[in-house]
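Colleague: Following is a predicted model, sequence given first.
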Amino acid sequence: MLVDLPQPESSIFTNAGTSQLKTTTTMTTHEPKSDFILDEEGKILPTIENFYQHCANRKLMGAKCTKCGTLACPPRGICQQCLGTGIEWVQLKGDGVLLTYTVIHFPPTQFLSLAPYAVGIVKLEEGPNLPAMIKNVNFEHLKIGIPLQIDFETAVPEEWPKWPRYFFKPRT
Ligand SMILES: [Zn+2]
């Protein structure tokens with residue numbers, strides 16, 4: 001029996017140059033979806049939305065100033081050190097230590113279901129201080145200086161902001 005095999009992508013490849021081929025292949029290998037906001041050159045802008053989009057791909061990314069090398073996480077469009085506007089995204093390891101923390105018992109309404117929960121500032125190994133929820137730990141074990149590592153929520157919150165969230169947990 002003669003069977004026509006389904007070839008859903010064949011039309012995409014017909015006029016594809018090498019670069020287009022590459023893009024198409026990436027998309028069909030179930031890469032995480034990409035909703036990045038790009039500049040006119042196609043570069044990923046250093047916005048908070050793009051920062052969380054990287055989190056959706058389970059990556060902690062910072063913005064490194066191309067002029068003086070200062071690293072910001074979350075990213076900033078302007079370097080705090082030299083006011084330079086050139087940045088490049090760099091992936092961070094996601095390891096840090098707890099710099100300070102508090103346990104929230106009376107949260108804002110959108111976080112009611114999570115209470116009580118711990119929030120803190122994590123000093124990343126690469127330098128920047130990142131605010132975060134601290135999870136998977138008994139509050140009595142929370143101490144300034146404990147080693148932490150990043151993890152990412154699998155579910156996206158239903159309320160604004162509907163961004164995938166990161167959190168820190170004790171390092172294993
Ligand atoms: Zn700079």
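Modeller: The structure has been received and is ready for your questions. Not measured: the values here are computed from a predicted model.

Colleague: just the helices in this structure please.
Modeller: With helices called from DSSP state H, the chain shows them at 10-14, 18-28, 48-56.

Colleague: Near the closest residue to Pro170 other than its chain neighbours, how many other residues are there?
Modeller: Once flanking residues are discounted, Pro170 sits nearest to Val137: 5.3 Å by C-beta to C-beta, 6 or more residues apart in numbering. Glycine gets a C-beta too; all of them are placed from N, C-alpha and C. When neighbours are defined as other C-beta atoms under 10 Å, Val137 has 17 of them.

Colleague: interface residues of the protein facing the ion?
Modeller: 65, 67-68, 70, 79, 81-82, 84 (C-beta under 5 Å from the ion).

Colleague: Among those residues, which one sits closest to Tyr166?
Modeller: Distance to Tyr166 across the residues of the chain next to the ion (C-beta to C-beta) is lowest for Thr70, with 21.5 Å.

Colleague: if we can go back for a sec, could I have the buried ones of the residues of the chain next to the ion as ChimeraX selection syntax?
Modeller: A single ChimeraX command suffices to select whichever of those are buried according to 16 or more other C-beta atoms under 10 Å:
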select :65,70,79
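
Colleague: What pLDDT is listed against the residue positioned nearest the centre of the chain?
Modeller: Taking C-alpha atoms, centre = their mean as the criterion, Cys55 is the residue nearest the geometric centre of the chain, at 2.4 Å. The confidence metric pLDDT takes the value 92 at Cys55.
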